[in-house]
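Would you be able to build a 3D model of this:
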Amino acid sequence: GFVVGHAGLYQALAMFAVAYFIIGMTVLSVCAIATNGALDAGGAYYMISRALGPEFGGSIGIMFFLANVCGSALYVLGLVEAVVDSFGIPPGQKGGTGVHVLPQSYWYELLYGTVLLALCLLVCLVGASIYAKATFLIFLIVASVLGTILVSFFATRPIGVPIRLPYLNGSEIENGSFTGFSLDTLRKNLGGGYGVDYTTGQMMSFSSVFAVMFNGCTGIMAGSNMSGDLKRPSYSIPRGTISAVLFTYLVYNLLAFLMCATCNRILLQKDYGFLRDISIFPPLVTVGIYAATLSAAMSNLIGASRILYALARDDLFGRALALAKKTSASGNPVMAVILSWLVVQLVLFSGKLNTIAGVVTTFFLLVYATVNLACLALEWASAPNFRPTFQYFTWHTCLLGIAGCCVMMFLISPVSASASLGFLLLLLLALHYLSPSSTWGYISQALIFHQVRKYLLMLDVRKDHVKFWRPQMLLMVQNPRGSARLIDFVNDLKKSGLYILGHVELQDLDMLPSDPLQSQQDSWLSLVDKLNVKAFVSLTLALSSGCGWWSPPPLLIWIGMVFLAGGMRPNTLVLGFYDDEVPQDGLARHPAFTSAREEVPLGFPPLREPSTPKLLSAQEYVGIVADALKMLRNVLLARQLESLDKAWELRRAASPPPTIHVWPVNLLRPDSARYADTCSLFLLQMACVLNMARAWRRARLRLFLCVEAGTMPHAQEEKLRQLLKDLRIQAQIQLVPWDAITRLHWQTCRGPPGGPAEEEEEEEEGVVNFPTNTTQVSDEYVCAANKLVLEQSPAPAVRFLYLPRPPADTSLYPLYLHQLELLTRGLGPTVLVHGVSAVTSTQL
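Predicted coordinates:
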């Protein structure tokens, strides 16, 4: 009567259609989730938390708890209004007459509500079984009352109904009328006629009437809230909920039509209990109103207690809800019931039903939207295990349900909707950072996988362009204990590209019961989290004898087969340097572990003892470099990066700022000193990429141009400066005379470049020929080149040097590595770089 009296028949039917559209879409989602697996206590909270994870589940669980609490208070206040209408002393009278014996005031009505709520508490404390029996009895009462009301519309003759209207200065009587079926009455009630709500004195509108009406539809979750008490929730919830929705929708629409056709607007607006006046048996209507509101209040109270119990049992809020875990001998969560009752009692202080109707509706709409979101996420994730037996839903119904809930939330009360969303966001953030990890599974991971796979399929390597090149690093790590700072350094070097930490275990799987790397995966992932690097982890096994881990099968796994999806494939291999230095445990000194030393081990084995032989020979190590270059992968060799204290180098306030030294010339090939070949440009690019990283922006690039007398050094400098300008690289160029160094080289070669070569030339001891037999470099020359690099002051934070290609003759691999060791000895943090792909562009 309240709805059609203010909104008229057309708008009332529209309200029912909108409300039940939202509810219908939500019911389809509830049925889908409920039939996809075993349900436990908690109803919608359990469904959402197990689908969307603890953050969404916990935050929506609190919102749903508050919705049920406020709903229970709303129905208790509605029952109080009905009791006062029936037995209250009329306004303006000092004493009661007949049945009107109950005094009316805010505090008296609060007392009545407290008594009625205590009755609900007693039923809920006994347990779910007595509640089920009580609600079934109430269902029979309400059904019989409904039957008599429908008969009354046809059997009762037209009558006038005097209505006493309360005002501040007394009371006034107006006459409403029951006209029986009348076309004129129907016409007058078709359109809206919003007036003042006599219980609150507030002017009604479409949104405020809808807010009150919608609370008569929220009982659809009553069955799912009892999911932990049902014998077969997956069977009962879909059938019971759908039946309830269809039944109530038909009844509401039928009652709306009958009321509009038989009652004038004054009666509908000014007397919410008018059905007693027109009923063939008025006391039965009063009993029905009491039974319906009492049932709804109990339903919401027991639903709130089950949600609170489920939240406490999941430990999402720690000790804050520890008390709610306690149950009786029969398993009834009595403490959760008592706590819910206390919160409902606090809400009763609001005083009037229509005062809290908007807040309750907003809470329920938010919960319904999230239920639809949970089902939508499960459907979009396309996980094989999401196969509900209820098939009458699609992602379209979920999306429509979400849209309908959100639109109606803001139409009803923009302030309440905004405040509810803000509160939900705060709960999400709090649970994200404070709640323990769960084993329920995270739908976000399934959705991310689904989307990433879709986008990877769209990543076409044939459309790659040098303008959009980025480093995709594969760092090979033997033991993270000795490589913590190197892992951190390469993270700065990746420039939003792919970064993979690779590890090869030298064991024979045929001799093992299972893969030993599975148990190490968590340790590596924890390391990535602690170091705060954006890297993937990939572990594999290789035979410890015969092939070695540099042999073709493992190398193909790492370089050719790791991340085969589209362009997500490593293009740069990073290795630690092969030398005789004793490895140091860098994890213990890394800033990420200084405040949590007890977590340093992380399950990794201790470092190799100095007396323990290495897993690789020099021949095998250089073989890795050679194989990577043959597979057109860039190679970086990092030496002494564990001595790089990035925090000190980059944050010290002293002037000048730290520097990055770049030597783009092949120091082991002085006869072909070029600065614009592919390898030199790649080296420049990597130094520039490091300087672009946030932690390295304060550093300055220094580019060293090696010049000889008589070679027009200023012209070379100007040419290099123009190249840097074209490449948009800001660097200081420093000319370095190296006549004395190159003189040692020509002495070793027995003549100036271009002189007559000897037909047969024996290889001298300590001289390496690579990549062909045209260049010979002695140890004396390499030591002089090392000294030249070392003399450039001030000492840089890190140096980038040109890495020559390994010789074609594999027997020269150990001597090649020896020359590299001499070249980088004592230089501090140094990166040797060899690039095989074009990575710079001057195009727009």
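
distance of S611 from V582?
For S611, the distance to V582 equals 10 Å [C-beta to C-beta, to the nearest Å]. Every C-beta, even on glycine, is put in place using the N, C-alpha and C of the backbone.

Of the two, which one has the most company?
Neighbour comparison, S611 and V582: the larger count goes to V582, with 9 against 5 (by other C-beta atoms under 10 Å).

Hmm, E821 is touching D579, no?
Yes - taking C-beta atoms under 8 Å as the definition, E821 is a contact partner of D579 at 5.7 Å.

Who has more neighbours out of these two?
E821 (17 against 13).

And the helix or strand harbouring the more buried one, how far out from the chain middle?
Using DSSP states H and E, E821 sits within helix 813-824. Distance of helix 813-824 from the chain centroid (C-alpha atoms, centre = their mean, to the nearest Å) equals 49 Å.

Please apply the same query to stretch 526-534.
18 Å.

Same check on stretch 298-312?
How far stretch 298-312 lies from its chain's middle: 27 Å, per C-alpha atoms, centre = their mean.

what does the average pLDDT come to for that stretch?
For stretch 298-312, mean pLDDT is 86.

Export only the CA atoms of that stretch, formatted as CSV.
This file holds the C-alpha atoms of stretch 298-312, laid out as CSV (Å, rounded to 0.1, in the frame of the first residue of the first chain):
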residue,chain,number,x,y,z
MET,A,298,14.9,-13.6,12.5
SER,A,299,16.1,-14.4,9.0
ASN,A,300,18.4,-11.4,8.9
LEU,A,301,19.7,-12.0,12.5
ILE,A,302,20.6,-15.6,11.9
GLY,A,303,22.0,-14.7,8.5
ALA,A,304,24.2,-12.0,10.0
SER,A,305,25.4,-14.4,12.7
ARG,A,306,26.4,-17.1,10.2
ILE,A,307,28.3,-14.6,8.1
LEU,A,308,30.1,-13.3,11.2
TYR,A,309,31.0,-16.9,12.2
ALA,A,310,32.3,-17.6,8.8
LEU,A,311,34.5,-14.5,8.8
ALA,A,312,35.8,-15.4,12.3
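
If I take whatever helix or strand comes next after the helix holding E821 and helix 813-824, what angle do their directions form?
Downstream of helix 813-824, the next assigned helix or strand under DSSP H and E is strand 830-834. Here strand 830-834 runs at an angle of 130 degrees relative to helix 813-824 (axes from the mean of the first three to the mean of the last three C-alpha atoms, to 10 degrees).

which strands and helices sit next to strand 830-834?
Helices and strands touching strand 830-834, by 3 or more C-beta pairs under 8 Å, 6 or more residues apart in numbering; DSSP states H and E, are strand 634-639, helix 678-692, strand 798-802, helix 813-824.

Swap in 10 Å and give it another go.
When contacts are defined as 3 or more C-beta pairs under 10 Å, 6 or more residues apart in numbering; DSSP states H and E, strand 830-834 packs onto helix 484-493, strand 572-576, helix 618-630, strand 634-639, strand 659-663, helix 678-692, strand 798-802, helix 813-824.

Can you say which of the ones you listed is nearest to Y20?
When these are compared by C-beta to C-beta, helix 484-493 sits nearest Y20, at 54.3 Å.

Give me the angle between that closest one and helix 678-692.
100 degrees.

which element follows helix 484-493 toward the C-terminus?
Next element after helix 484-493 (DSSP H and E): strand 499-506.

what residue is smack in the middle of this protein?
Closest to where the C-alpha atoms of the chain average out (C-alpha atoms, centre = their mean) is S444, at 5.8 Å.

Export the helix or strand hosting that one to PDB, keeping only CA atoms.
Assigned by DSSP H and E, S444 belongs to helix 443-458. Extracted in PDB, the C-alpha atoms of helix 443-458 (Å, rounded to 0.1, in the frame of the first residue of the first chain):
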ATOM      1  CA  ILE A 443      40.400 -15.600  -9.300                       C
ATOM      2  CA  SER A 444      42.700 -12.700 -10.200                       C
ATOM      3  CA  GLN A 445      45.400 -15.200 -11.200                       C
ATOM      4  CA  ALA A 446      43.000 -17.000 -13.500                       C
ATOM      5  CA  LEU A 447      41.800 -13.700 -15.100                       C
ATOM      6  CA  ILE A 448      45.400 -12.500 -15.500                       C
ATOM      7  CA  PHE A 449      46.400 -15.800 -17.100                       C
ATOM      8  CA  HIS A 450      43.400 -15.600 -19.500                       C
ATOM      9  CA  GLN A 451      44.100 -12.000 -20.500                       C
ATOM     10  CA  VAL A 452      47.900 -12.500 -20.800                       C
ATOM     11  CA  ARG A 453      47.500 -15.500 -23.000                       C
ATOM     12  CA  LYS A 454      45.100 -13.500 -25.200                       C
ATOM     13  CA  TYR A 455      47.600 -10.600 -25.500                       C
ATOM     14  CA  LEU A 456      50.600 -12.900 -26.100                       C
ATOM     15  CA  LEU A 457      48.800 -14.400 -29.000                       C
ATOM     16  CA  MET A 458      48.500 -10.900 -30.400                       C
END
